[in-house]
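Chemist: requesting a structural model of the entry that follows:
(one chain, ligands or ions: 3)
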Amino acid sequence: MSSEPRIETSSIPENLHPVLSALADVAADLSRTIALGPLAGNLGASVGSNTDGDVQKALDIVADKAFAAALRGTGVRWYASEERQDVAQIDAGGAWALAIDPLDGSSNIDVNVSIGTIFSLQPALDDGEATFLRSGRHLVASGYFVYGPQTSLVVTFGDGVEQFVLDREARLFRKTKSAPSIPSQACEFAINASNYRHWAKPIRAYIDDCLAGIDGPRGKNFNMRWVASLVAETHRIMSRGGIFLYPGDDRAGYEQGRLRLVYEAAPIAFLVEQAGGMATTGLLAVLDQVPETLHARTPLIFGTSEKVRRVIDYHALPELEDAALFGNRGLFRA
Ligand SMILES: O=P(O)(O)OC[C@H]1O[C@](O)(COP(=O)(O)O)[C@@H](O)[C@@H]1O
Ligand SMILES: [Mg+2]
Ligand SMILES: [Mg+2]
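Modeler: Ligands and ions are numbered 1, 2, ... in the order given. The predicted structure follows:
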């Protein structure tokens, strides 16, 4: 890594400068590679599968190796990656544990749609795995890079969120004047609706009510979005509000949804709470959920607080009663 910081550090806690600069350095490289697309090789080629059977793309592996290598000497003791079965030790004397989804939205690599990197930092315990098997309330920082028309970093250190944009010529992430904040009013929802028949009743009811639009209990029309890149959906919600849902469903292997608690849901939940929104599994705040295993999945529902609260309310309804209420719908008028 170059010794020059790759990010404006004035608002970043001093003990995290080396880590953030290393992450920013790799993100600048990835941004360039992604922008070259097919000119940089077959980035979307399938090269194997991880321990859970998820297909790994060439760029997943490139990104994972680049981040792990760049973090040497930055004070990161433990490195847990979506692409690795086990926690790796980087700096034996380091104070930090970093969890990372090196490349989020892999299915979009080949189609020139925004993809990203998600990370979180927490203090390292002596046991690497035990460090990560704690609730997200232990996080001291989390963020994502989104590689889109702009390459941006949105990050929290537990006191609101900040945004940086890559100035390609200077190879520097510059801080933007205004910070993202999730609006309290919004009319967009994001869900992979092809799974409708697999969802549980509270999720179906929530989406049914959105789809009913002005004629339904919400009394207004909604738009639907689904990019299939969690970072891109998060970035939109950070600026425009709305709700994202990847619930558990009845497909084999999807009982807890698709997204990983340690690498995806907890870091995003920390950002969302810091930006004025909420993140839940439907039953519990995502940040209160303790991972049972390193690669555990979790239902993830986040965004504008009022919308997320409504989904939580739907989950709280007794099974029989809810059928009656949803039939009536009057209790849930917007
Ligand atoms: O293809 P689906 O089931 O709609 O899933 C899309 C979701 O999967 C993900 O791509 C999973 O992340 P990875 O690409 O890191 O595996 C999310 O970014 C996205 O929200
Ligand atoms: Mg991901
Ligand atoms: Mg990934």
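
Chemist: up against ligand 1, what does the stretch 151-300 of the chain have?
Modeler: Residues of the stretch 151-300 of the chain lying close to ligand 1 by CB under 6 Å from any ligand atom are 192, 228, 229, 230, 258. C-beta: built from backbone N, CA, C; applies to glycine.

Chemist: for residue 59, give me its contacts.
Modeler: Neighbouring residues of residue 59 by CB atoms under 8 Å, 6 or more residues apart in numbering: 30, 33, 34, 43, 44, 103, 106, 109.

Chemist: do stretch 288-297 and ligand 2 come into contact?
Modeler: No: under the criterion of CB under 5 Å from the ion, ligand 2 is not reached by stretch 288-297; the shortest gap measures 11.0 Å.

Chemist: so what's the model's average confidence on that stretch?
Modeler: Average pLDDT, stretch 288-297: 98.

Chemist: do it and ligand 3 meet?
Modeler: No: using CB under 5 Å from the ion, stretch 288-297 stays clear of ligand 3, with a minimum separation of 11.4 Å.

Chemist: so which of the contacts of residue 59 is the closest to residue 93?
Modeler: Nearest to residue 93 among those, counting by CB to CB, is residue 30 at 28.0 Å.

Chemist: element containing that closest one?
Modeler: Applying DSSP states H and E as the criterion places residue 30 in helix 17-36.

Chemist: in that helix, what's buried?
Modeler: For helix 17-36, the neighbour count (16 or more other CB atoms under 10 Å) marks 18-31, 33-34 as buried.

Chemist: centre of the chain to it, how far?
Modeler: Between the centre of helix 17-36 and the centre of its chain there are 18 Å (CA atoms, centre = their mean, to the nearest Å).

Chemist: please save the CA atoms from that helix in CSV.
Modeler: The C-alpha coordinates for helix 17-36 follow below in CSV (Å, rounded to 0.1, in the frame of the first residue of the first chain):
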residue,chain,number,x,y,z
HIS,A,17,-6.7,6.0,9.7
PRO,A,18,-4.4,3.1,8.5
VAL,A,19,-7.4,0.7,8.1
LEU,A,20,-9.6,3.1,6.3
SER,A,21,-6.8,4.2,4.0
ALA,A,22,-5.9,0.6,3.2
LEU,A,23,-9.6,-0.2,2.4
ALA,A,24,-9.8,3.0,0.3
ASP,A,25,-6.7,2.1,-1.6
VAL,A,26,-8.0,-1.3,-2.6
ALA,A,27,-11.4,0.1,-3.4
ALA,A,28,-9.8,2.6,-5.8
ASP,A,29,-8.1,-0.3,-7.5
LEU,A,30,-11.3,-2.3,-7.7
SER,A,31,-13.2,0.7,-9.0
ARG,A,32,-10.7,0.9,-11.9
THR,A,33,-10.8,-2.8,-12.6
ILE,A,34,-14.6,-2.8,-12.5
ALA,A,35,-14.8,0.2,-14.8
LEU,A,36,-12.6,-1.6,-17.4
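
Chemist: ok, back up a step: which one of the residues of the stretch 151-300 of the chain next to ligand 1 is nearest to residue 68?
Modeler: Proximity of these to residue 68 was ranked by CB to CB; the top entry is residue 230 with 21.3 Å.

Chemist: domains in this protein, by residue range?
Modeler: 14-175, 188-332 (automatic domain parsing).

Chemist: turn these into JSON lines, including distance to residue 8.
Modeler: Listed next are those as JSON lines, based on distance: least, CB to CB, whole Å:
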{"stretch": "domain 14-175", "distance to residue 8": "5"}
{"stretch": "domain 188-332", "distance to residue 8": "19"}
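
Chemist: for residue 5, find the nearest of those.
Modeler: Set against residue 5 and scored by CB to CB, those come closest in domain 14-175, at 4.5 Å.

Chemist: what is the very next helix or strand once past the helix holding residue 30 packed up against?
Modeler: Later in the chain than helix 17-36, the nearest helix or strand by DSSP H and E is strand 46-49. Counting contacts by 3 or more CB pairs under 8 Å, 6 or more residues apart in numbering; DSSP states H and E, strand 46-49 is packed against strand 55-57, helix 58-70.

Chemist: mind doing that once more with 7 Å?
Modeler: Packed against strand 46-49 by the contact rule (3 or more CB pairs under 7 Å, 6 or more residues apart in numbering; DSSP states H and E) you find strand 55-57.

Chemist: which stretch in the domains of the chain has the least confidence?
Modeler: Mean pLDDT across the domains of the chain is lowest at domain 188-332; the value there is a mean of 92.
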